[in-house]
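S.K.: Dropping the sequence and predicted coords here.
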Amino acid sequence: MNPSIIPLFLLGITLGTGLVATSSHWLLAWMGLEINTLAIIPLMINNHHPRAVEATTKYFITQATAAAVLLAAATTNAWLTGQWNIYEQPHEVPTLMIIIAVALKLGLAPLHLWLPEVLQGLDLTTGLLLSTWQKLAPFLLLLQIPMNDHNLLIFLGLTSTLVGGWGGLNQTQLRKILAYSSTAHLGWMILVIKFAPALTLFTLMTYWVMTSSAFLVLKFNKCYTINALGLSWADSPLMTSMMPLIMLSMAGLPPMTGFAPKMLILQELTKQELGMAALLAAFTALLGLYFYLRLSHAMTLTLYPNNLANIPRWRLYTGHPPAFLTLLALATIMLLPLTPAITALFTP
């Protein structure tokens with residue numbers, strides 16, 4: 001692909017998300033989601049590898065299925081209520097169909113099975129785009145839907161946190177681990193999306209920062225498996241020393257940045273008299289903590305020559321990390337004291 005055409009596809013992704021964010025008509029929102037999907041497909045297949053083609057095909061089929069369900073739900077809602085406005089109270093049946101379609105687009109459990117397979121076939125840059133920006137448009141659509149019963153969203157959130165933590169336990173491919181991590185983080189956001197939309201957006205922004213740091217550090221060190229993490233120290237000692245802290249931040253351990261959204265979400269669930277849901281979410285976070293600690297162990301305690309499974313490369317890349325990546329990693333680790341100021345920006 002000619003590099004000069006890549007900004008055109010990035011512009012299409014941005015315009016699709018912007019159309020979803022600014023539209024109050026179901027057909028316009030559906031068009032925005034379709035523009036978003038069609039714009040990222042050429043970027044996914046740019047690698048010209050069989051795994052990339054397979055991942056792109058799976059992604060296209062999944063997103064087309066979700067878009068068809070969403071369009072059918074919008075049409076059914078117009079048939080039953082006589083209006084196409086997103087902000088009006090929809091019928092119960094179209095609401096259920098819309099939530100299922102959005103859950104499929106986001107990769108929420110139990111509709112998450114496509115996400116690890118798709119992410120495994122992509123390069124880390126496109127995988128980062130899929131794990132961050134592509135989540136924004138469905139989230140904005142879900143925020144606009146008025147709902148009276150939140151039990152389905154709580155069920156999807158708790159299931160996603162459980163499956164996201166459980167699924168990453170026995171994985172050796174870093175991209176699959178990050179896919180299950182994405183499912184778990186999205187589950188935390190879904191739990192409070194109707195109770196505290198500002199907190200959901202704050203959690204989404206924090207997730208963007210942490211996930212971007214993880215993807216870019218792995219791309220800088222050229223690590224794709226757990227065994228390769230033990231060899232990254234010779235390539236970049238600075239980034240390798242920061243990577244365990246980034247993992248612990250994604251796990252939600254204090255005093256890292258990732259502790260703030262989990263603490264605030266548990267506090268909000270307790271205020272809403274959902275103590276059992278908060279307890280289950282806190283327990284499922286321990287599953288994610290295990291495989292994050294597993295990655296940290298691979299980077300710090302299994303260095304060559306202590307672990308003979310890791311054969312060092314004969315030529316090492318000793319480049320300096322870009323300043324943007326260093327600042328992003330520091331933001332992932334050290335922004336917890338600024339949580340009150342940051343949350344104030346998301347409060348209307």
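M.R.: Sure, I can see it.
S.K.: Go ahead and report the secondary structure state at residue 108.
M.R.: Put simply, residue 108 is coil when judged by DSSP: H, G, I helix; E, B strand; the rest coil.
S.K.: Now for it, how many residues are close by?
M.R.: 26 (other Cβ atoms under 10 Å). For glycine as for every other residue, the C-beta is placed from the backbone atoms N, C-alpha and C.
S.K.: Give me the distance between residue 169 and residue 176.
M.R.: The gap separating residue 169 from residue 176 is 11 Å, by Cβ to Cβ, to the nearest Å.
S.K.: Neighbour count: those two, which is higher?
M.R.: Set side by side, residue 169 and residue 176 show more neighbours around residue 176, with 18 against 13, by other Cβ under 10 Å.
S.K.: Report the spatially nearest residue to that one, omitting neighbours in sequence.
M.R.: When the adjacent residues along the chain are set aside, residue 176 lies closest to residue 116, with 4.4 Å between them (Cβ to Cβ, 6 or more residues apart in numbering).
S.K.: For the strand or helix carrying residue 200, list every residue counted as buried.
M.R.: Using DSSP states H and E, residue 200 maps to helix 197-221. Across helix 197-221, burial judged by 16 or more other Cβ atoms under 10 Å covers 197, 199-204, 206-221.
S.K.: likewise stretch 144-153?
M.R.: 144-145, 147, 150, 153.
S.K.: could you measure residue 239 against residue 150, distance?
M.R.: Applying Cβ to Cβ to residue 239 and residue 150 gives a distance of 41 Å.
S.K.: ok, now residue 71?
M.R.: Counting by Cβ to Cβ - residue 71 and residue 150 are separated by 25 Å.
S.K.: With residue 29 instead?
M.R.: Taken as Cβ to Cβ, the span from residue 29 to residue 150 is 21 Å.
S.K.: same deal with residue 96?
M.R.: Counting by Cβ to Cβ, the gap from residue 96 to residue 150 is 13 Å.
S.K.: how about the helices in the stretch 201-348 of the chain?
M.R.: In the stretch 201-348 of the chain, the segments counted as helices under DSSP state H, counting those that start in this stretch are 226-229, 232-235, 237-251, 259-271, 275-300, 323-334, 339-346.
S.K.: err, the stretch 51-200 of the chain, not the other one
M.R.: Going by DSSP H, counting those that start in this stretch, the stretch 51-200 of the chain shows helices at 92-106, 114-120, 124-131, 136-144, 151-167, 174-191, 197-221.
S.K.: Show me how the protein divides into domains.
M.R.: Split into domains by automatic domain parsing, the chain comes to 1-148, 152-348.
S.K.: Just put the ones you listed in a markdown table and tack on mean pLDDT.
M.R.: Formatted as a markdown table, those follow (pLDDT from 0 to 100):
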| stretch | mean pLDDT |
| --- | --- |
| domain 1-148 | 90 |
| domain 152-348 | 85 |
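S.K.: Ramachandran coordinates for the spatially closest residue to residue 49 that is not a sequence neighbour?
M.R.: Spatial nearest neighbour of residue 49, excluding adjacent residues (Cβ to Cβ, 6+ apart): residue 121 at 7.6 Å. When quoted as degrees, to the nearest 10, the phi and psi of residue 121 stand at phi -90, psi 0.
S.K.: so residue 121 makes contact with residue 45?
M.R.: No. Using Cβ atoms under 8 Å, residue 121 is not in contact with residue 45, being 9.9 Å away.
S.K.: quick one: common contacting residues for the two?
M.R.: Here residue 121 and residue 45 share the contacting residues 52, 56, scored by Cβ atoms under 8 Å, 6 or more residues apart in numbering.
S.K.: okay, the two: which has more neighbours?
M.R.: residue 121 (24 against 20).
S.K.: In contact with the more buried one, which residues are there?
M.R.: 49, 51-52, 54-56.
S.K.: How about residue 199?
M.R.: 192, 261, 264-265, 268, 343, 346.
S.K.: Tell me the gap between the helix holding residue 200 and the middle of its chain.
M.R.: Mean-position distance between helix 197-221 and its chain equals 8 Å (Cα atoms, centre = their mean, to the nearest Å).
S.K.: what's the angle between that helix and helix 339-346?
M.R.: Interaxial angle of helix 197-221 relative to helix 339-346 (axes from the mean of the first three to the mean of the last three Cα atoms, to 10 degrees): 110 degrees.
S.K.: circling back: and the contacts of residue 121, which is closest to residue 160?
M.R.: residue 55 (21.0 Å; Cβ to Cβ).
S.K.: so how many other residues sit close to residue 275?
M.R.: Neighbour number of residue 275 under other Cβ under 10 Å is 12.
S.K.: Double-check it against residue 268; I have them as touching.
M.R.: No. Counting by Cβ under 8 Å, residue 275 stays clear of residue 268, with 11.7 Å between them.
S.K.: Can you lay out the buried residues of stretch 144-153 as JSON lines showing distance to residue 80?
M.R.: Output for these, formatted as JSON lines (distance: Cβ to Cβ, whole Å):
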{"residue": "144", "distance to residue 80": "19"}
{"residue": "145", "distance to residue 80": "15"}
{"residue": "147", "distance to residue 80": "16"}
{"residue": "150", "distance to residue 80": "21"}
{"residue": "153", "distance to residue 80": "22"}
